[in-house]
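**Q** Structure, please.
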Amino acid sequence: MPAPALVLWDIDRTLLNAGGISRELYVRAFERVVGRPLDIEVDLTGRTERASVTETLRRSGISDVTPLLATFYAEMALAAAALRAEMRRRGRALPAARETLADLAADGVVQTVVTGNVRPVAEIKLAVFGFTQHLDLDLGGYGDVSADRADLVRRAIGRAEAAHATTFDPARVIVVGDTVHDVRGALDVGVRAVGVASGTTSLAELTAAGASAVLPGLTDLAAVRAALFGPQAPAAGAPVPVPVRPGG
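**A** Numbering: from 1, shown residues only. Below you'll find the predicted structure:
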């Protein structure tokens, strides 16, 4: 039997598009915590909430942010719950994402998330768009843990190994995400990185970041499997994954 595999999914713009809700979560949480409107732009793409919230508060003139983080995260979760209907109206699951998770689950692949979201927000997004069935969210790495996505990857691997009483071969641990932050987080831990250009980061940028393989999306299951688990003969017209890099 093949060695067990662990797939660590990013959420936003990899599995789903939440309809631009993330900015609104910051606006609502900031006003509740700080007591005034948020008037700066913060880059949220691929970053953890710990990194983004810290930057938001510091750029807003707050030097000691640590005491405010837990309250800010809690307010983001409350905002996400309040915006569930709006999220459903404006957002969508990305093409073939649910089907891809179901196919991998049928083969016994362990699947969870490594996401910049804090867990309550991640759970709401995944539930709204129908992704909870095949993901073990207790194993996930969430964005309140660290500003460094590599720490989230390590946390998820450790939880998965403890839960399944096994050690996953790094070549069979795959981080899937749409940004260079996802790719770097995987490579910094020494596991496989698969880039999906379903967000704002291009195939070329994901390749340049060091992804082991890159895909335009999840609609071609044969190409997805080749990207996740290594080169295979792709179907005619399928995107060809980038060759495996040493240590990738």
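
**Q** Give me the domain ranges for the chain.
**A** For the chain, the structural domains run 6-18+92-229, 21-88, going by automatic domain parsing.

**Q** what about the last one, start to end distance?
**A** Going back to what we said before, that points to domain 21-88. Taking CA to CA, to the nearest Å, domain 21-88 runs 10 Å from one end to the other.

**Q** tell me how far that domain is from the chain's mean position?
**A** 18 Å (CA atoms, centre = their mean, to the nearest Å).

**Q** State the mean pLDDT of it.
**A** What domain 21-88 shows for mean pLDDT is 93.

**Q** now swap in stretch 110-128 and tell me
**A** 98.

**Q** What lies in contact with the helix or strand residue 157 falls within?
**A** Taking DSSP states H and E as the criterion, residue 157 maps to helix 149-164. Where contact means CB atoms under 8 Å, 6 or more residues apart in numbering, the residues beyond helix 149-164 that reach it are 4, 6, 8, 46, 48, 110, 112-116, 136, 138-143, 145-146, 167-168, 173, 175, 181-182, 184-186, 188-189, 191. In this view, the C-beta of every residue, glycine as well, is placed from N, C-alpha and C.

**Q** quick one on the thing from earlier: switch the domains of the chain over to a markdown table; also include mean neighbour count.
**A** Formatted as a markdown table, these follow (neighbours: other CB atoms under 10 Å):
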| stretch | mean neighbour count |
| --- | --- |
| domain 6-18+92-229 | 21 |
| domain 21-88 | 17 |
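
**Q** Regarding the residue lying closest to residue 56 once chain neighbours are set aside, what is its secondary structure?
**A** The shortest distance from residue 56 to any non-neighbouring residue, by CB to CB, 6 or more residues apart in numbering, is to residue 42 (4.9 Å). Under DSSP: H, G, I helix; E, B strand; the rest coil, the three-state class of residue 42 is coil.

**Q** How about residue 228?
**A** helix.

**Q** Can you name the residues that contact the residue nearest to it when sequence neighbours are not counted?
**A** In space, and not counting its chain neighbours, residue 228 is closest to residue 174: 5.1 Å by CB to CB, 6+ apart. Residue 174 sits next to 5-8, 186, 191-194, 228-229 when contact means CB under 8 Å, 6+ apart.
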